Structures are given as structure tokens and as C-alpha cells.
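Q: Here is a sequence with its predicted model. Questions after.
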Amino acid sequence: MNEIKIYYSPLQTTTNFIIAIGFWCLIIILLQNPHRTNALIFVFVLLLISNGMYTFIKSFIFLITKRPAIHLTNDQFIDNTTGKKLFWTGITNIETYLFQGRTFLAISVTDNSIIYRQTLNPFQNLMLRLSSLMTKKSLMTNFSFLKGKNEEIFKSIMDFYYRTSGLK
């Protein structure tokens, strides 16, 4: 098997997209508020969390264009949900991780700077570094974005990882 493609969950991705559109509509409505100072403070707070909304919109576009959420090749683990590409040789561990009540695919790498260099947005980079410090995981992908059962997705990724890396 030369590659595996894991696609976005249509229901979860569409729901997240609707939430993101509602979120941006709320910002526009608040900017029209006559109490502009209070509205601007609230908009600033909303913009801080808008990174997640961007991810929801991007995921929806990838769903429509049939681009996989995760693409495994002989050389790389490509995570389109986070925009990260990792060579199998740099991955030290893959596991599931429960964080804030949600299950994630957690990946550890030999050097976290491999991931940090791929994160150009300074705010995203800071959040990624803080997440890595808190969880001791280099990269985490939310299983709810993925189509299929968590256990089956994890098993297929691990099987591919073992075949590709030569580990057992």
C-alpha cells in the first residue's frame, strides 16, 4: 500500500462551517453596535479565537474539493487539518490522547521545531508551543474532523507507520 487518504467527516465539518459563518456574522453585527467601545472589546476577544473558525472554513473547503484530512505516503504524514507535513523518520510516537473531553491523534517528533517552522502565523505558533508544553505532544489532530471510527483510523495509521518505518 503506497498511500492512505483519510477524509473529513461531512456532518462534523458542515456543522463546524455553519458555526464559523454564524461567528463571523456576529462580529459584523457587533461592529454595527452603537455602543462601539464595548463592541470593539468583544470583537477583539472573538478575533483571538477566530483561528478555530478559520480551520472550520478551511476544512469545509477541503471537504467540498475532496481533499483528504490526512494523507499518508511512503515518506510523509500529511495533516491537512493543521497544515503540517512530517517525515516518518522524524516521528517518534503516535498515540491517541484525551484532551478537554475530546480524543486526538497525538504525534511526537524528534524535534518540535520541525512543526514550529511550518506555522507562520505568530498567534498559531504560540498556541502550538503552549499546547506542546501542556500535553507533551508535538502535534494533535482532533478525531472529530475525520470520517470514520477513531479506533479504525488509529489502527490504519499505526499499521501504515509500522510498515513504512520498519518498526514492529
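A: That came through, no problem.
Q: Domain map for the chain?
A: For the chain, automatic domain parsing gives the domain ranges 3-64, 70-165.
Q: which stretch in the ones you listed has the least confidence?
A: Mean pLDDT values for the domains of the chain show the minimum at domain 3-64, a mean of 76.
Q: if we can go back for a sec, for the domains of the chain, could you give me JSON lines that also reports mean neighbour count?
A: Glycine gets a C-beta too; all of them are placed from N, C-alpha and C. Below are the domains of the chain laid out as JSON lines (neighbours: other Cβ atoms under 10 Å):
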{"stretch": "domain 3-64", "mean neighbour count": "15"}
{"stretch": "domain 70-165", "mean neighbour count": "16"}
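Q: chain center to whichever helix or strand T96 is part of: distance?
A: Applying DSSP states H and E as the criterion places T96 in strand 91-99. Relative to the centre of its chain, strand 91-99 is centred 14 Å away, using Cα atoms, centre = their mean, to the nearest Å.
Q: ditto for stretch 109-129
A: 13 Å.
Q: ok, now stretch 18-28?
A: 20 Å.
Q: Repeat that for stretch 132-141.
A: With Cα atoms, centre = their mean, you get 12 Å for stretch 132-141.
Q: State the distance spanning the first to the last residue of that stretch.
A: 13 Å (Cα to Cα, to the nearest Å).
Q: contacts for that stretch?
A: By Cβ atoms under 8 Å, 6 or more residues apart in numbering, the residues outside stretch 132-141 that reach it are 69-70, 79, 81-82, 84, 86, 97, 99, 104-109, 112, 115, 128, 131.
Q: tell me the helices in the protein, going along the chain?
A: Taking DSSP state H as the criterion, the chain carries its helices at 10-31, 36-48, 50-64, 113-116, 122-135, 150-165.
Q: I'd like these as a markdown table, with distance to N93 appended.
A: Converted to a markdown table, the helices of the chain look like this (distance: least, Cβ to Cβ, whole Å):
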| stretch | distance to N93 |
| --- | --- |
| helix 10-31 | 26 |
| helix 36-48 | 31 |
| helix 50-64 | 24 |
| helix 113-116 | 14 |
| helix 122-135 | 12 |
| helix 150-165 | 10 |
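Q: Tell me which of these sits nearest to D75.
A: helix 150-165 (8.1 Å; Cβ to Cβ).
Q: Distance from the closest one to the middle of the chain?
A: 18 Å.
Q: what residues does that helix touch?
A: 1, 4, 6, 70, 72, 74, 77, 88-89, 91, 94, 96, 103, 105, 143, 146, 167-168.
Q: and with 6 Å instead?
A: I4, I6, L72, N74, W88, I94, T96, T103, F143, L146 (Cβ atoms under 6 Å, 6 or more residues apart in numbering).
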